Each structure stands twice: as structure tokens, then as C-alpha cells.
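S.K.: Got a predicted structure here, sequence first:
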Amino acid sequence: MQQKTSVDEMTKERLKEIVVHHFYSFYVQRNMTDMLDHVDPDVRWIGSKEHFIARNKEGFRSVLKKELEYVPVGCAMKVVSAETVQVDEQSYSVNGILELRIPQEKEVQYAFLCFTMVIVSEEEQYSIVSIHTSYHGVNPIGNTVSDKGKSVYFMAEDIYNQNQHDTLTGLYTIDYFKKEVKKVLEENDSQHFALICTNVSHFERVNNMYGLKRADQILSDLANMITSCSLQVKVSCRSVADHFLALVSYDSESELKETLARLCDDFGHKMKIRYPDARPRLGIGVYRIVDKTGEVERMVECANIARKSLRFQKKENVAMYDADVFLRMERVKEIENSMRYAMGNREFKVYLQPKYNLESGEIVGAEALSRWIHDDGTMEYPDEFIPIFEKNGFIVDLDFYMLENVCEMLRRRLQAEKKCVPISINQSRVLLNDEDYPKRFAKTLQQFAIPAEYIELELTERIFKEDLSEMARIMGKLKELGIQWSIDDFGTGYSSLNLLKELPVDIIKLDKSFLDETETSETSKIIIRKTVELTQELSKSVVCEGVETESQADYLRGIQCDVAQGYLYARPMPMCEFEKLLDEEMGT
Ligand code: C2E
Ligand code: CA
Ligand code: CA
């Protein structure tokens, strides 16, 4: 049954193509034989003029001739809609609307041609048994032309300069827009120009909640607003979906910004009333054109970059292109393009920063920190790539890669009966959203046969928001394996103390900022001292990170802080160097 349906659909689609092709070859290419070769001897044509009627093939030929006289050379054609309806077993009726663009002296005239072509189709063969065309909304035999599904598609783009307008909004299409922009810029050397690019946020929501038709309405409304607002719009188009482009001229930049902001506000107000559940908003990216002879594509790209930067500024509706933003985005692209290759090429390295017992001076652990070392030896620090990986999800791969490398080192050392200390690994919040995380983690420990006490996991306090129960649940699952949890950057979030109550935490890492302030701030000293006391009373241990001076170390020793980590003792180092340090401690 399903197979039959798809065969039917394919036939309908094929016939639609055939019909459109015939009209194209006739009206645009002025080829009559194409159609004549496929008509039935008893074909009928009821044409666009009263006397354009044919009842057989001969009559058909003369109607075709007359029709061509009526439609001048250089006509372009666009299919507004086309639909195939099966009439009986072998007969199909293809209905639709064609837009014919007839070039006149100075302008282009538009004519909408409704058509119905009836075809008898058998296997791959077909013949045309009747054609009706009319230049009105209803075709001559009374069948209302359906625009259901609005299968708008274009033929042979660029040829004959057709396809200049977007059917939905009536604005130019992107290709035509670019040509026009170039022309306007060439002709107006003294004016200031900017290229703007719009985005309707929550447009998807409107689509889902109010349906396609009402979403389309937004686009038509926006097109009207852009062309009728007080902006000096020279050329405009809808590039794709809800993105419009416009070339505007302006006198002062501040005025331009104000006008654009007003346009966004007006749009927002209107839409709030019409679509209260979706509340679409308008955002605009602006590129001030400096070099008028430059590539239009590049100008569009810059306006788009500005538009995209709005995603990071919730309050603003208008963003001007900024070369720094562009460079940042280029950098993100570069990193994203090379990250997978880099992982396969083992360019990510585990650096280890030792942690020391403040009393004995002995190495009691280390923190694993990632470094990206390129083939040419240049090194990148995690602040460069971790935020990008957190956004695109690649951080999950990196965090597991770090774990595997640490496990591999521990296994090697355990095997050789060398000194081992617990290694802490930073865990991204993305991992905690992954249901498979605890299982995958357990499997890795098992694979390398690593006793869980050698692994400590750090979670920065900044990731903890209101709902701690879900995080506590996942953390609990890993804790069951025997690993230790550490709260990193302790004291920088909002509810530090609450975390100690709600989460299965074993260690806290006091943030470096407190330590930095101990020299000048009595309050910071008290906070550190009291936090150390409190966590020890709760049977948790404290690591102080970012220790840089002897006086800081003295102070920490004085308040019985257990462990310190910082440049004073050692910087993060390649794994082999850290192993050497451990070996030296053992005297091996
Ligand atoms: P973090 O976890 O707070 O790591 C401590 C950072 O402070 C490290 O920077 C370390 O090199 C630096 N540091 C250590 N001692 C001192 C000191 O005495 N003075 C100063 N000024 N800095 C010190 P790094 O390695 O650049 O790491 C930055 C951040 O990137 C880390 O902050 C961590 O949040 C994240 N990160 C690093 N590696 C990974 C990783 O493999 N996975 C995940 N998820 N995050 C990572
Ligand atoms: Ca850390
Ligand atoms: Ca930290």
C-alpha cells in the first residue's frame, strides 16, 4: 500500500515537472514543437484569449502561434504553484499558476497565468489531451486553482534574469539584491551606506504555535515595515527564512542606530499583541560600508556576523559589526575545524600541577590541566578552547580523553610499583547532563583497573544553580565507585555553603582570589580561616590554589590548611616531568 502511494506521488511529481517544462520551453524558449510532439490528435486548448480555442492538433498549432505573438520575446517565467490531481486511472490534471515577466521599454510587467493541463500517462509515455490557460484567478473550466502546499520553485535560475523577487514578500531575491547593491554603491559615491541584516528570534516558536501561514504573515509584515519605516532603504531582499538584508543610506551613525532600534521596538510591540505566546523579536546586525568597491558578499557576511553577535547580548536589538568580534568568530571556526583532527593526532596533552602538603612539603596529589600543542610546537591554554568545547559538546570527548590518559599513567606506575598520588581531573557541567556519564566513567576505571581512590573530580562552583538535586544524584552515582568530589573555585559562586550541605563533596578548593586579597583585606583572611575551620569540622579537606608567595604559604600553614597548589611550588608541567618529581621523592 505504502509502495503504491509513493509510486503515485512519484508519477504526480514527474508529470508536474513535465508540464512546467512544456510551459517553460514554450513561453520562455518559444519552442512550439516540444509541446506539439506530445499532444493527443484530439487535443483541446482553451487559451488566454476568447478566440484562442483549438479542438484538434491542427487548431492547436495555430493557437500556439497566436499565443506566442501575444507573449513577447524575453519573457521570464516563475512557477508560483503547481499541483497534480489524479482524475482517473491514467489521467492527471496538473493545475497551477505561472508568473510571467514581460519586459517592457523601461519596466517589467507581471502577468499571472492560471493553467490546467490534462495528461494521459501510461508507463513512461504521456500525451497532452487538453490545456486551459487564463490570466485570471479562476481558470476557464471553473476549477479553482489550488495553492495547497505552495510548491513554489524556480526554473533555470539566472537564465533570462528571472527569479528576481521573493514570492512571499515581493522583495528581491538574494542574487538580484547583490547585483543591485553593487550598482547603487557604484552610482552614489558621496553617500554613507550600511548593510543591515535582520533576524526574528522565536520565529520557530511562531511556526510551531501558530502555524506556517501566520508565520509567513510575520515575514510579509516585516518586509513592509522595513520598506516603509523612516530608513532610507535603497535595496532590500529576503535572503533566507526570516533573514532580510537591506542597503540603507544614512547621514549620522547615531541616527541610523536610533531608527533601527525604533524599528525593532515597533516590531516587538506589534508582535507581542499578535503572537502573545511566542513574542517574536527583531534583531539587526549592521555593517557600515567603508569600501564601496568591496565584495558585496563580504559586506553581507559582516552584517551577519554583527547579527549573530546579538545572541550574546540579551538587551540590545541592534549590533554594529566589530572587527574583534569577527576575529573571535573566525578563531572559533578555526578551533572547531581542527579539534577532532587534533584529538586523533594526540595534540591534547595532560599537564599536571602538583599539590603539596603544607606541613610536610610532600607531593600529595596533582591536578590534570589540558594543553593543546600543535604540530609546530605552539601551545594553547585551556581558556582558549574549553569554553568553545563546552558550547559545542566536544568537552565530553576531551574530559574522557584526559581521564584515559591519567588512568594510563596510573596503571603504568602501579604496575611498576612506583609512587602514585590521587590525580584530580576537571569535569565540565556538560558531562553531568549526560545519562551515560557514570557508566562510561566506571567502564574507563575498570578498563585500566584503577582503584577509585586515585581519582578526584573537580567541579567548579560556578556551575551550580538552584536545582542541586539532579546534580547530587549523578555525583552520588560516581561517588559509589569510590572517587572523591572536589568543589573548585570555592567562594566565587552564590551559595557556597549550601553546596556543602546538599552535595556529596569531599574536598573544597579555595579560589585564588581570596588568597590574593589576604595581604590587603582582613575580611578575606577571616573568610579563609573560617572556611578552613568549617570544612575541617565537616570532615572535608581544603586545598588552597594559586599560592604564589612565601607569605601566603605561611599564612595558610598558620591556619592549618591541608594542601596548597600554586606557582610558588610548581607550575603545571608535562606528565613525564611530574613523574620525574614523584620518582625523585621516592628516591628512585
Ligand atoms: P582551574 O581548574 O581553576 O585551574 C587552575 C588554573 O590556575 C590553571 O590554569 C593553572 O595553571 C592556574 N594556576 C595554578 N597555580 C597558579 C598560580 O599560582 N597563579 C596563577 N596566576 N595561576 C595558577 P589553566 O591550566 O590555564 O586552566 C584554566 C582553566 O581551564 C582551569 O581552571 C579549568 O577550569 C579549565 N580546564 C583546564 N583543563 C581542563 C580540562 O581538561 N577539562 C575541563 N573541563 N576544564 C579544564
Ligand atoms: Ca580545577
Ligand atoms: Ca580553580
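M.R.: Arrived safely. Residues are numbered from 1 along each chain as shown. Ligands and ions are numbered 1, 2, ... in the order given.

S.K.: Might you name the residue of the stretch 51-200 of the chain sitting closest to ligand 2?
M.R.: Ligand 2 sits closest to N199 of the stretch 51-200 of the chain, with a gap of 36.9 Å, by CB to the ion. Where you see a C-beta, it was placed from the backbone N, CA and C, and this is true even at glycine.

S.K.: Could you say which helix or strand holds that residue?
M.R.: strand 192-201 (DSSP states H and E).

S.K.: Name the helix or strand for T535, please.
M.R.: helix 522-537.

S.K.: which residues touch that helix?
M.R.: 490-491, 497, 500, 508, 510, 514-515, 517-518, 541-542, 544, 555-556, 559-561 (CB atoms under 8 Å, 6 or more residues apart in numbering).

S.K.: Which elements pack onto the longest strand along the chain?
M.R.: For the chain, the longest strand by residue count, based on DSSP state E, is strand 108-122. With contacts defined as 3 or more CB pairs under 8 Å, 6 or more residues apart in numbering; DSSP states H and E, strand 108-122 has these neighbours: helix 2-23, strand 91-103, strand 125-134.

S.K.: do that again at 6 Å, thanks
M.R.: strand 91-103, strand 125-134 (3 or more CB pairs under 6 Å, 6 or more residues apart in numbering; DSSP states H and E).

S.K.: Show me which parts of the longest one are buried, residue by residue.
M.R.: Right, the one you point to is strand 91-103. Using 16 or more other CB atoms under 10 Å as the test for burial, strand 91-103 gives 92-102.

S.K.: hmm, back to that, out of the helices and strands packed on strand 108-122, nearest to ligand 3?
M.R.: strand 91-103 (63.5 Å).

S.K.: partner strands of that closest one, parallel or antiparallel?
M.R.: strand 76-86 (antiparallel), strand 108-122 (antiparallel) (DSSP bridges).

S.K.: and among those, the most buried is which?
M.R.: With neighbours defined by mean count of other CB atoms under 10 Å, none of the strands paired with strand 91-103 is more surrounded on average than strand 76-86, at a mean of 20.

S.K.: Give me the average confidence score over that one.
M.R.: Averaged across strand 76-86, pLDDT comes to 82.

S.K.: Tell me where the stretch 301-450 of the chain has helices.
M.R.: 323-344, 382-392, 395-415, 429-432, 437-448 (DSSP state H, counting those that start in this stretch).

S.K.: got TSV for those, with mean pLDDT, mean neighbour count and distance to V73 too?
M.R.: Formatted as TSV, the helices of the stretch 301-450 of the chain follow (pLDDT from 0 to 100; neighbours: other CB atoms under 10 Å; distance: least, CB to CB, whole Å):
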stretch	mean pLDDT	mean neighbour count	distance to V73
helix 323-344	90	13	47
helix 382-392	95	15	54
helix 395-415	98	18	61
helix 429-432	92	18	62
helix 437-448	96	16	68
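
S.K.: picking that back up, which of the strands paired with strand 91-103 sits closest to R281?
M.R.: Ranking the strands paired with strand 91-103 by proximity to R281 (CB to CB) places strand 76-86 first, at 31.0 Å.

S.K.: can you give me how far that closest one is from the chain middle?
M.R.: Chain-centre distance of strand 76-86: 33 Å, with CA atoms, centre = their mean, to the nearest Å.

S.K.: before we move on, what about stretch 501-509?
M.R.: Distance, centroid of stretch 501-509 to centroid of chain: 36 Å (CA atoms, centre = their mean).

S.K.: Report the buried residues of that stretch.
M.R.: Quick answer for stretch 501-509 (16+ other CB under 10 Å): 503, 505-509.

S.K.: ok, back up a step: list the buried residues in the helix or strand following the strand holding N199.
M.R.: Next along the chain after strand 192-201, taking DSSP H and E as the criterion, comes helix 203-210. Neighbour-count burial for helix 203-210, counted by 16+ other CB under 10 Å, picks out 203, 206-207, 210.

S.K.: before we move on, the earlier item: mean pLDDT added to the helices and strands packed on strand 108-122, as a markdown table?
M.R.: Listed next are the helices and strands packed on strand 108-122 as a markdown table, based on pLDDT from 0 to 100:
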| stretch | mean pLDDT |
| --- | --- |
| strand 91-103 | 82 |
| strand 125-134 | 85 |
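
S.K.: Please name whichever of the ones you listed is nearest to M402.
M.R.: Taking those one by one with CB to CB, strand 91-103 is closest: 59.7 Å.

S.K.: got the angle between the closest one and strand 125-134?
M.R.: Here strand 91-103 runs at an angle of 50 degrees relative to strand 125-134 (axes from the mean of the first three to the mean of the last three CA atoms, to 10 degrees).

S.K.: Alpha carbons of strand 91-103, as PDB, please.
M.R.: Provided in PDB are the C-alpha atoms of strand 91-103 (Å, rounded to 0.1, in the frame of the first residue of the first chain):
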ATOM      1  CA  SER A  91      -5.500  10.800 -16.500                       C
ATOM      2  CA  TYR A  92      -3.900  13.500 -14.400                       C
ATOM      3  CA  SER A  93      -4.700  17.200 -14.200                       C
ATOM      4  CA  VAL A  94      -1.800  19.500 -13.400                       C
ATOM      5  CA  ASN A  95      -3.000  22.900 -12.100                       C
ATOM      6  CA  GLY A  96      -1.100  25.900 -11.100                       C
ATOM      7  CA  ILE A  97      -0.100  29.500 -11.500                       C
ATOM      8  CA  LEU A  98       2.800  30.800 -13.500                       C
ATOM      9  CA  GLU A  99       4.200  34.200 -13.100                       C
ATOM     10  CA  LEU A 100       5.300  35.600 -16.500                       C
ATOM     11  CA  ARG A 101       7.500  38.600 -16.500                       C
ATOM     12  CA  ILE A 102       7.200  40.500 -19.700                       C
ATOM     13  CA  PRO A 103       9.900  43.100 -20.300                       C
END
